[in-house]
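Chemist: Predicted structure and sequence below. I'll ask about it afterward.
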Amino acid sequence: MVEKTVKAPAIVRLFRDETFRRGVAAILVFLVLWEIGAQFKSWFGVMVPFIGKVAPPSAVVVRWLEVGQWAGYWESWYLSTGRVFLGFVVAQVIGIPFGLAMAVNKYFRGMFFPPFEILRPIPPLAWVPASIIFWPTTELSIMFVTFLGAFYTIVINVLGGARSIDIQYLRAAQSMGASQWDLFRKIILPGTLPSIFIGAAVGMGITWEVVLAGEMISGGGQQGGGGLGFFIWSSYMGGVMDQVIVGMISIGLAGYISSSLIRYVGYLAMPWRRMF
Amino acid sequence: MSNQTAPGSAPSGGQLMFLRAAKALRTPMPYLAFIGIALWLGIYFLLNEYWKIFPFYKIPGPVEVVTEWMNKDPIWGTSLFTEDYYRNIWVSCRRIGIAFALATGLGVPLGLFMGWSKKFKDYTFPVLETLRPIPILAWVPLAIVMFSGFETPIIYLATLASFFVTALNTMLGVESIDESYFRAAGCLGSKKHHVFWHVVVPGALPFIFTGLQISIGVAWFSLVAAEMISGDYGLGYMIMDSYMVNKYTTMVMAMLTLGFVGWITSAMVRIAGYRMMQWRQKALGQGGA
Amino acid sequence: MAANPNVASTAATQTRGAISIRNVSKIYDPGGVNVLAVDDCSLEIAGGEVCMIVGPSGCGKTTLLNAIAGFHSITEGQIDLDGEMLCGPGKPLADQGADRVVVFQNGALFPWKTLADNVAYGPIVQGVMSKSEAREKAIHMLDEAGLSGVADKYPGEVSSGMARRAEIVRALINDPKVLLLDEPYRAMDALTKSIMHESLLEVYDRTKVTIFFITHDLEEAIFLGDRVIVMTTRPAKTKKIVDVRIERPRDYRLLSSEEFRVLMEETKSAVHEEAVKAFEAGERELA
């Protein structure tokens, strides 16, 4: 005796959902408090600590509508995204095989893991000056640092993922006559996919941080300048604080979209996990 | 392992370490590690100092860095023997300590409540998730405007980064606790605060410590960035400053010191975790739970 | 029909832990699809009785246990304990309490506490004993259960058999009215299981606590129980009740006796029928 309940359209269900409503309420409260705190001085003459110095959401929205019409703003998006994408892809292309090689071959791991581990604690940004000295162009030096950030993350995740594959899967395949290459392609690779995607999602976040830092530090003035980091920094230099916040939210949005994209690709690539 | 010890008493402490070391030396691993490191240092040296290949020679090689490091009267002004070296290290460490303590003190309780009470999570999680995607460095201008001086914005940035990671991982930790434990506590007559202290907190500990290890890395990351952009003293500042005046040897020294200090703080967190979660060590020592 | 001598004699000496399940139904709603897990089920369990619930996986028997323990609510009907309502109209979810303690399928000893601390937990949080008293009693009871050397070990350090026994001690130290066991020995090998059975019987003979035991192992059910209740596949309903009129104390020799074989025959066909139905329905087990 199993009956299917009649479902209301998705949007209505969303609004009826308690969790959704609470979330919306909380965000609204946050925005209102921010607005009040920021405007307090001009309304009541008293400066609220910290928040008082920040531009209010209303000003940010106005500025954003204005900025949205500048070609330069969208060009920043394009530039930053391009850098992130490039650095990210390079990190994956080099990192995934490197990580898999270390996972599969213990001699390789024995040799390459120690130097890898020793250099790992050095934050990617600490490499920026060295990178600038080393590479001929600013663009390449930012690329390199971006690469470093994502590279470490992906390798660690791949290693962890590959080593956690239940050995029984490998044995089952071997007993059915699989060759080493078969094992790799049909068991180890798919088995590591979830970790690869987690590593990619986290690496994506780091990549954004580094691109941002690179753009802010290098001033963006020379060849290969511009980008959202530069947008934020120059807004700050110009004292246009609400524009700074526009930049902050823009980057946050861009980062969120790119992470979601990765998660979506992961969803497509791993049909066996869709049941959950 | 078991045929070397008396029944019922597993080796521990120093004895265990010795056994492990002895066992490890019989495998090819330590030798490979040695080769790997030697290879890396060797290539580094060859490229930078010996063959002086472009563009490698622009960066000081290992010999140059180590010589300077151990020099009582360093050419570029900083070495093991100068005061400002330690001052920079101390300043960075102090900032990390404060940031980490703040982030953990705020993040763990928040995470615990978010994991435990759906209602609480419904209200707090969305706000957090909206702020989290904003890269920490994007906060730099705002931080400088909000807080006066140098010290506070830097600590704020490191704390923020660390806080997000800690809170998130703690929350996941609570959510990962098997429902059965809550039910068991319930049918044994626990009140809510019992469940919190005896199930929620210990159950989330593994995830909390994983989060703490990540968060201290993230804190260093943000700290270095902040120091490089707007600092006075600190290892990040040291790197940037020496770069600006072309003291590249000092710069590399700072980088390597940073790596080392970062590694030590990470190890400290890991060890603290091992101590607090004795039950895991013992269970895993038996060959799996 | 003559009364079951075991149930009758225990009921005469104690009226504690009698469960009355009347017309209970439970509807789940996972993902918008209504699933009827339990359909108008009624059952009377006498105080001090060992009641075994047998049925195919996923048929809803755990739902009954969860309702009694207060983990899930019921949609219709009423459940009483010793005449007092646990859950029913106006109160679909029973309170959880130390009068009905559960022993879980995959074991739920707190991994971060030693066995002794686990056992002492109940009395301490209920405020019935002080820490030292509880610990002392815990160690004493663990000794009685044959777990003397391991009281200060963590659950991860001992075998599953020991852990499960410790979990039962953890339940019993609270002097519960009912012991609820949800396929506690499911994941064990036959040898360990037989030791668990003997241990449980020994505990029962001492304490005469009401036992509500869910299992899919027919042999186990007949060996341990006073009555075996065979449930249908989802939605769960009582299909057949078999009285096990064998005297206590029982031991393993019972397994090769004629009496035992007859009871197995009587129950087997009913269980098998339902098992086939469940298999063909291909349902995923209700966790």
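Modeler: Yep, that arrived. From a predicted model like this one, the values you see are computed outputs, not experimental measurements.
Chemist: From here on, just use CA atoms for contacts and neighbour counts.
Modeler: Noted.
Chemist: Count the residues that sit near A:Val89.
Modeler: Neighbour count for A:Val89, taken as other Cα atoms under 10 Å in any protein chain shown: 17.
Chemist: same deal with C:Asp82?
Modeler: Neighbours around C:Asp82, by other Cα under 10 Å: 15.
Chemist: if I pick the closest residue in space to it that isn't next to it in sequence, what's in contact with it?
Modeler: Take C:Asp82 and drop its neighbours on the chain: the residue closest to it by Cα to Cα, 6 or more residues apart in numbering or on different chains is C:Ala18, 5.0 Å away. The contact partners of C:Ala18, by Cα atoms under 8 Å, 6 or more residues apart in numbering or on different chains, come to C:44-48, C:81-83, C:210.
Chemist: Just give the nearest non-adjacent residue to C:Arg170, would you?
Modeler: Nearest one to C:Arg170, counting by Cα to Cα, 6+ apart, is C:Val119 at 4.0 Å.
Chemist: Kindly report the same for B:Ser79.
Modeler: Nearest to B:Ser79 is B:Trp69, by Cα to Cα, 6+ apart, at 4.4 Å.
Chemist: so whichever residue of the stretch 1-150 of chain C sits closest to chain A bridges to which residues?
Modeler: Relative to chain A, the nearest point of the stretch 1-150 of chain C is C:Val33 (4.8 Å; Cα to the nearest Cα). For C:Val33, the beta-bridge partners are A:Lys4 (DSSP bridges).
Chemist: what about residue 66, how many neighbours?
Modeler: If you meant another chain, say so; for now it's chain A. Neighbours of A:Glu66 under the rule other Cα under 10 Å: 11.
Chemist: sorry, should have said chain C
Modeler: Neighbours of C:Asn66 using other Cα under 10 Å come to 21.
Chemist: The one 3 residues further on too?
Modeler: Using other Cα under 10 Å, C:Ala69 has 27 other residues around it.
Chemist: isn't it right next to C:Gln96, touching?
Modeler: Yes - using Cα atoms under 8 Å, C:Ala69 is in contact with C:Gln96, at 5.9 Å.
Chemist: Which neighbours do those two have in common?
Modeler: Common neighbours of C:Ala69 and C:Gln96 (Cα under 8 Å, 6+ apart) are B:Cys187.
Chemist: Spell out which residues belonging to the stretch 101-250 of chain B are near chain C, please.
Modeler: Residues of the stretch 101-250 of chain B found near chain C (Cα under 8 Å from any Cα of the partner chain) are B:180-181, B:183-184, B:186-191, B:194, B:199, B:202-203.
Chemist: List only those of the residues you listed flagged as buried.
Modeler: B:180-181, B:183-184, B:186-190, B:194, B:199, B:202-203 (16 or more other Cα atoms under 10 Å in any protein chain shown).
Chemist: and which of these is nearest A:Ile206?
Modeler: Ranked by distance to A:Ile206 (Cα to Cα), those are led by B:Gly203 at 29.2 Å.
Chemist: Quick check, A:Gly229 in contact with A:Ala213.
Modeler: Yes - here A:Gly229 reaches A:Ala213: they are 6.9 Å apart, a contact under Cα under 8 Å.
Chemist: Out of the two, name the residue with the larger neighbour count.
Modeler: Between A:Gly229 and A:Ala213, A:Gly229 has the larger neighbour count (other Cα under 10 Å), namely 33 against 27.
Chemist: hang on, that one is in a helix, isn't it?
Modeler: Yes - judged by DSSP: H, G, I helix; E, B strand; the rest coil, A:Gly229 forms part of a helix.
Chemist: List the contacts of it.
Modeler: Contacts of A:Gly229 (Cα under 8 Å, 6+ apart): A:80, A:211-216, A:247, B:138.
Chemist: In chain C, where is pLDDT below threshold?
Modeler: C:1-15, C:30-32, C:57-59, C:282-287 (pLDDT under 70).
Chemist: and it, which of its residues are near chain A?
Modeler: C:32-36, C:235.
Chemist: For burial, what's the neighbour tally of the residue nearest to A:Tyr152 when sequence neighbours are not counted?
Modeler: Of all residues not flanking A:Tyr152 in the chain, A:Arg120 sits nearest, at 6.9 Å (Cα to Cα, 6+ apart). For A:Arg120, the neighbour count with other Cα under 10 Å is 18.
Chemist: closest to C:Ile246 among the contacts of C:Ala18?
Modeler: Once Cα to Cα is applied, the member of the contacts of C:Ala18 that ends up nearest C:Ile246 is C:Gly48, at 15.4 Å.
Chemist: just checking, that closest one touches C:Ile19?
Modeler: No - judged on Cα under 8 Å, C:Gly48 makes no contact with C:Ile19 at a distance of 10.1 Å.
Chemist: returning to that earlier point: what about the residue of the stretch 1-150 of chain C closest to chain A, distance to C:Glu76?
Modeler: To C:Glu76, C:Val33 is 18 Å away according to Cα to Cα, to the nearest Å.
Chemist: Tell me which of these two has more neighbours.
Modeler: The residue with more neighbours, out of C:Val33 and C:Glu76, is C:Glu76; 20 against 15, by other Cα under 10 Å.
Chemist: contacting residues around the more buried one?
Modeler: Applying Cα under 8 Å, 6+ apart, we find C:Glu76 in contact with C:23-26, C:40, C:88-89, C:92.
Chemist: Surely B:Met255 touches B:Ile239?
Modeler: Yes - if you go by Cα under 8 Å, B:Met255 and B:Ile239 touch, sitting 6.8 Å apart.
Chemist: Between those two, point out the one with more neighbours.
Modeler: B:Ile239 (29 against 22).
Chemist: Over to that one: give its phi and psi.
Modeler: phi -60, psi -50 (degrees, to the nearest 10).
Chemist: Same question for C:Ile53.
Modeler: The phi/psi pair for C:Ile53 (degrees, to the nearest 10) reads phi -110, psi 120.
Chemist: do the same with A:Gly238
Modeler: Dihedral angles (degrees, to the nearest 10) for A:Gly238: phi -80, psi 0.
Chemist: Return the per-residue confidence for it.
Modeler: pLDDT for A:Gly238: 87.
Chemist: and the helix or strand containing B:Thr104, average pLDDT?
Modeler: Assigned by DSSP states H and E, B:Thr104 belongs to helix B:83-116. Helix B:83-116 comes out with an average pLDDT of 92.
Chemist: For the stretch 51-200 of chain B, give me the ranges with low pLDDT.
Modeler: Per-residue confidence of the stretch 51-200 of chain B (counting by pLDDT under 70) places the weak regions at B:51-55, B:57.
Chemist: Now do the shared contacts for B:Met255 and B:Ile239.
Modeler: A:Ala126.
Chemist: Of the buried ones among the residues of the stretch 101-250 of chain B next to chain C, which is the nearest to A:Trp181?
Modeler: For these, the nearest to A:Trp181 is B:Gly203 (40.7 Å; Cα to Cα).
Chemist: Report how many residues lie close to the nearest residue to the closest one once chain neighbours are set aside.
Modeler: Leaving out its chain neighbours, the residue that sits closest to B:Gly203 by Cα to Cα, 6+ apart is B:Ile177, at 5.9 Å. Residues lying near B:Ile177 (other Cα under 10 Å) number 17.
Chemist: Please apply the same query to C:Leu191.
Modeler: Neighbours around C:Leu191, by other Cα under 10 Å: 8.
Chemist: Check whether the helix holding B:Thr104 comes near chain A.
Modeler: No - between helix B:83-116 and chain A, judged by Cα under 8 Å from any Cα, nothing touches; the nearest distance is 13.0 Å.
Chemist: For that helix, list every residue counted as buried.
Modeler: Neighbour count says helix B:83-116 has B:84-86, B:88-89, B:91-93, B:95-97, B:99-100, B:102-104, B:106-116 buried, by 16+ other Cα under 10 Å.
Chemist: One more: stretch C:262-274?
Modeler: C:263-264, C:267, C:270-271, C:274.
Chemist: Okay, helices next: where are they in chain C?
Modeler: For chain C, the helices defined by DSSP state H occupy C:5-13, C:61-69, C:115-126, C:131-144, C:160-172, C:190-207, C:218-224, C:258-281.
Chemist: Turn those helices into TSV, including distance to A:Gly238.
Modeler: Compiled in TSV, these are given as follows (distance: least, Cα to Cα, whole Å):
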stretch	distance to A:Gly238
helix C:5-13	88
helix C:61-69	65
helix C:115-126	62
helix C:131-144	66
helix C:160-172	68
helix C:190-207	76
helix C:218-224	80
helix C:258-281	70
